[in-house]
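Undergrad: I need the structure of the sequence given here:
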Amino acid sequence: MRGLREFNPALFASVMGTGAVALASYRYANYWTPLNDVGVVLTYLNTLLYLLLLIMWLLRWIFHRDAALRDLKHPSKGHFYGTSGAATIVLAAQFISILGNLKVAWYLWLWGLILTFVFAFWMSYEVFIAGEIDLRHLSPAWYIPPVALVIIPFGAVFMKVASGYTAQLVTVINYLGWGAGFFLYLALYAVITLRFIRHELMPPQMAPLVWMNLGPIGASITALFSLIHNSTIPIIKEPFMVFAFFLWGLGFWWLVMATAMTLHYVRKLTLPYTGSWWAFIFPLGAFTNATKDIGDAFQLSLMKSFGFTLLWPLLILWAITLVKMLSSRNSFG
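TA: Model (predicted):
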């Protein structure tokens, strides 16, 4: 039971990452047909992984509530609880886009909403009442609750499927999620960038977290296009599409910066395997999907080709990280 007591809630990031890889693979299948099957297989694999982690996560709350609450109140670990809701919504997006199963996706999306709102508000509350927090405790892990909020519109298709007051409520929730998540990310972006400027580098075991800026940026773009394509209220679409293109530019800047920082760790320090390696996967996957969105929206074949190029290091990194996670003795602790 010790492994259950020490279960790391951040492991749901593996579901987020696998889901992003599956969606990117499926969407680029027009470049190479076997990628269609890759997306489908990874969706079933991700479903099994999610169920395994969810069972362990729930059992920990039942039998080791003290340990779960201790982690939740921690200034760094607590933010990883947001991965549970984000992972659920990403999996729902796979059932929508890849399997076409809206019924299962609907229940996953609703469960993801509950987890997302509970932990997003809970963590903000804990931070606000904690008093002064050392700037060194800040890391890109703080972006996880905003990411969970901003990807709520991955289920924007339900705005069209639902009817009556349910449709209105779903519409409000989708716009609320994107607005709350994106602007909360911007506020945290300023603070965490200040931490990078004023303090030493994060320790090597946290090095992959420098990639996490790509997560909210890429996910915000995909979620925004999902809102645009599924909106049931009158909106002018073009300005939001142009805004998404500008936001992609910030993501490209972070892609270069994160690559340079990772190479610095490899050359000057070290880059040991830890569970934080999943921070390579979802952010890069989100940016790869966002690149496809921009390319499709503006009919830019160059952008789509660039996204297809990004897909291959993404697949390689995902495979390496999964193997290392499964072979690690402390994978679930």
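Undergrad: Not counting sequence-adjacent ones, nearest residue to N8?
TA: Of all residues not flanking N8 in the chain, G275 sits nearest, at 6.0 Å (CB to CB, 6 or more residues apart in numbering). For glycine as for every other residue, the C-beta is placed from the backbone atoms N, C-alpha and C.
Undergrad: Which pLDDT value does the model give the one you found?
TA: According to the prediction, G275 has pLDDT 91.
Undergrad: which ones are touching it?
TA: Counting by CB atoms under 8 Å, 6 or more residues apart in numbering, G275 touches 8, 10-11, 13, 325, 331.
Undergrad: Now list the buried members of the residues you listed.
TA: Buried members of these, scored by 16 or more other CB atoms under 10 Å, are 8, 10-11, 13, 325.
Undergrad: What is the nearest of those residues to S76?
TA: When the buried ones among the contacts of G275 are compared for distance to S76 (CB to CB), A10 wins out at 10.2 Å.
Undergrad: sorry, back to before: any chance of the contacts of G275 in JSON lines, plus pLDDT?
TA: Converted to JSON lines, the contacts of G275 look like this (pLDDT from 0 to 100):
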{"residue": "N8", "pLDDT": "91"}
{"residue": "A10", "pLDDT": "94"}
{"residue": "L11", "pLDDT": "96"}
{"residue": "A13", "pLDDT": "97"}
{"residue": "M325", "pLDDT": "93"}
{"residue": "S331", "pLDDT": "59"}
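Undergrad: Any chance of CSV for these, columns distance to I89?
TA: Output for these, formatted as CSV (distance: CB to CB, whole Å):
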residue, distance to I89
N8, 20
A10, 17
L11, 16
A13, 13
M325, 21
S331, 23
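Undergrad: tell me the two of those residues that are most distant?
TA: The distance between the two most remote of the contacts of G275 (CB to CB) is 12.5 Å, for A13 and S331.
Undergrad: now the helices: where do they sit in this protein?
TA: Using DSSP state H, the helices of the chain run over 2-5, 13-27, 34-63, 65-72, 82-97, 102-129, 144-150, 158-161, 164-198, 214-230, 237-268, 278-297, 301-327.
Undergrad: Pick the most deeply packed of those helices.
TA: helix 144-150 (a mean of 31; mean count of other CB atoms under 10 Å).
Undergrad: Quick one: list the elements packing against that one.
TA: Packing contacts for helix 144-150, counted by 3 or more CB pairs under 8 Å, 6 or more residues apart in numbering; DSSP states H and E, involve helix 82-97, helix 102-129, helix 164-198, helix 214-230.
Undergrad: K73 versus the residue nearest to N8, what's the distance?
TA: Here G275 is placed at a distance of 20 Å from K73 (CB to CB, to the nearest Å).
Undergrad: for the protein, what helix or strand is lowest in average pLDDT?
TA: Ranking every helix and strand in the chain by mean pLDDT, DSSP states H and E puts helix 2-5 at the bottom, with a mean of 77.
Undergrad: Surely G78 touches A130?
TA: No. In terms of CB atoms under 8 Å, G78 does not count as a neighbour of A130; the distance is 9.9 Å.
Undergrad: between these two, who's got more neighbours?
TA: G78 (24 against 12; other CB atoms under 10 Å).
Undergrad: Could I get the contacting residues of the closest residue to M206 other than its chain neighbours?
TA: Excluding its sequence neighbours, the residue lying closest to M206 (CB to CB, 6+ apart) is S276, at 5.7 Å. If you count contacts by CB under 8 Å, 6+ apart, S276 has them with 10, 205-209.
Undergrad: Understood, closing this out.
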